[in-house]
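Student: could you work out the structure for the sequence below:
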Amino acid sequence: MTSTAIPPTGADLCVHCGFCLQACPTYLALDDENDSPRGRIVLIKALAAGTLSASDDAVGTHLDQCLGCRACETACPSGVPYGQLLEDTRATIIAARPIPFTSKVILATFANPWLLAISMAGARLLRALGITRLLARAPGRLGLMMATLEATRRSVRGGSPAARARRGAQSASAQTGALAPQRARVAVLKGCVMEGLLAPVNRATERTLARNGFALCTTAGQQCCGALHAHAGDRETARRLARANIAAFEQSDAECIAVNSAGCGAAMKEYGHLLADDASWRDRAAAFGAKVRDVSELLAAAGPAPATGAPVNAAVDFPCHLVHGQRLSDPPARVLAAIGGLRAFELPDASACCGSAGLYSLTQPALSQRILAPKLAGIAASGAAVVTTGNPGCMMHIAAGLIRSGSNVQVRHPVELLDAAYEYDACQGEGQER
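Tutor: All right, here's what the predicted structure looks like:
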């Protein structure tokens with residue numbers, strides 16, 4: 001049996017203390033040591049030593065069932081870079097364990113701008129025709145997929161004609177970077193799902209950044225960030241997409257790159273690791289990663305302009321790749337604290353994975369739903385009218401679960417809530433003027 005030559009440095013940091021066990025959603029759900037971080041590290045080291053084969057079905061099952069949520073990294077006292085270790089391993093064994101056909105088709109679609117545009121247009125058409133709403137509670141994978149698409153539906157932004165005109169002027173000003181005072185020149189990652197299915201979140205991001213004095217730079221040539229590909233082990237495609245994004249954003253003259261998708265932000269901040277073996281790109285990748293900021297980071301650092309907003313109770317949930325991948329929990333709280341009418345409180349398991357994890361909800365639907373169930377129960381017990389979280393996959397997965405359970409609770413990105421509060425205050429001001 002030959003060694004798979006997986007770099008062992010990260011794995012060797014593990015002292016098998018067990019602190020990761022209670023942080024791991026799959027261990028808690030399955031009660032199997034092989035489905036814990038330290039158990040998987042034992043498997044990874046055995047692969048590297050050649051005592052286990054990459055074609056072993058049991059090895060593949062336990063590695064495939066990992067969400068890659070990185071909660072174990074937060075719990076680990078030894079600093080094991082588990083997320084990178086998992087991706088490195090999946091990339092190394094991909095020859096022996098090819099990516100499943102369905103996942104391969106999805107990854108190919110996201111890597112091709114034309115195919116992505118067509119697929120997103122098709123999804124929006126299904127949503128517009130009401131098919132997603134009709135089938136959202138159908139059994140099996142079809143119902144799950146339709147509920148996930150239905151979860152992206154957004155109500156039409158209202159307000160008076162003057163308010164709508166003001167928003168339009170603000171958006172135009174944001175695009176040209178003309179607002180003053182100027183804090184920094186910022187380029188916004190459009191993203192795949194965000195721009196394709198949740199475009200109002202991107203517009204809210206642009207308006208909110210502009211409202212807080214950031215000048216937005218137009219960035220042509222953006223592509224998928226490659227996070228899904230890196231997680232699945234398709235490292236070459238992930239690297240190709242990373243190079244394309246680095247080149248595109250280098251042309252924008254932006255000082256920072258604002259990202260409203262926690263998974264994308266975590267991946268982009270780690271482009272330096274992804275391209276570490278590429279002498280032509282590694283320095284550019286590291287410089288690029290240093291510019292990437294979650295939108296909540298930028299707003300929190302600026303001290304977001306306060307708003308009153310409509311009174312509402314909101315339950316806060318943290319995307320794994322924000323709180324564990326990027327180690328950010330305070331910035332989203334500071335953004336929400338700027339909304340005077342908002343009563344925000346963390347869910348009991350706010351830092352626990354919801355079970356979305358990129359393609360995981362499609363490739364491991366039963367386990368994904370099992371992991372989601374406690375979070376849905378917590379939301380129901382909280383009495384919240386809104387759940388807020390800063391990642392499209394989490395937003396869609398949680399909202400789909402709420403839809404299928406018959407709940408009317410809405411799921412919104414933190415910048416949507418802040419943007420809505422600014423609009424609410426503007427409309428209230430107009431009413432007082434009249």
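
Student: where does the closest residue in space to residue 136 that isn't next to it in sequence land on pLDDT?
Tutor: Nearest residue to residue 136, sequence neighbours excluded (CB to CB, 6 or more residues apart in numbering): residue 147, at 4.1 Å. (Glycine included, C-beta is placed from N, CA and C.) As predicted, residue 147 sits at a pLDDT of 96.

Student: neighbours of residue 147, how many?
Tutor: Burial of residue 147 is recorded as 24 neighbouring residues (other CB atoms under 10 Å).

Student: that one against residue 139, yeah?
Tutor: No - between residue 147 and residue 139 there is no contact under CB atoms under 8 Å: 11.3 Å.

Student: quick one on the thing from earlier: which stretch of helix or strand covers the residue nearest to residue 136?
Tutor: Element membership of residue 147 [criterion: DSSP states H and E] is helix 140-150.

Student: one more: residue 257?
Tutor: Judged by DSSP H and E, residue 257 forms part of strand 256-259.

Student: immediately after that strand, which helix or strand?
Tutor: Following strand 256-259 toward the C-terminus (DSSP H and E): helix 262-269.

Student: so what does that following helix touch, helix or strand wise?
Tutor: helix 227-232, helix 235-250, strand 256-259, helix 282-291, strand 292-294, helix 320-323, helix 392-404 (3 or more CB pairs under 8 Å, 6 or more residues apart in numbering; DSSP states H and E).

Student: ok, residues contacting the following helix or strand past that helix?
Tutor: Using DSSP H and E, the helix or strand that follows helix 262-269 towards the C-terminus is helix 271-274. Helix 271-274 is contacted from outside by 84, 226, 230, 235, 238-239, 242, 245-246, 267, 282, 285-286, 288-289, using CB atoms under 8 Å, 6 or more residues apart in numbering.

Student: pull out the buried residues from those residues.
Tutor: With neighbours counted using 16 or more other CB atoms under 10 Å, these contain these buried positions: 84, 226, 230, 235, 238-239, 242, 245-246, 267, 282, 285, 288-289.

Student: and those residues, which is closest to residue 201?
Tutor: Relative to residue 201, the closest of the buried ones among the contacts of helix 271-274 is residue 267; by CB to CB it sits at 18.2 Å.

Student: surely that closest one meets residue 224?
Tutor: No - contact criterion CB under 8 Å: residue 267 and residue 224 do not qualify, at 9.9 Å.

Student: so where is the stretch 151-300 of the chain shaky, pLDDT-wise?
Tutor: For the stretch 151-300 of the chain, applying pLDDT under 70 flags the ranges 155-181.
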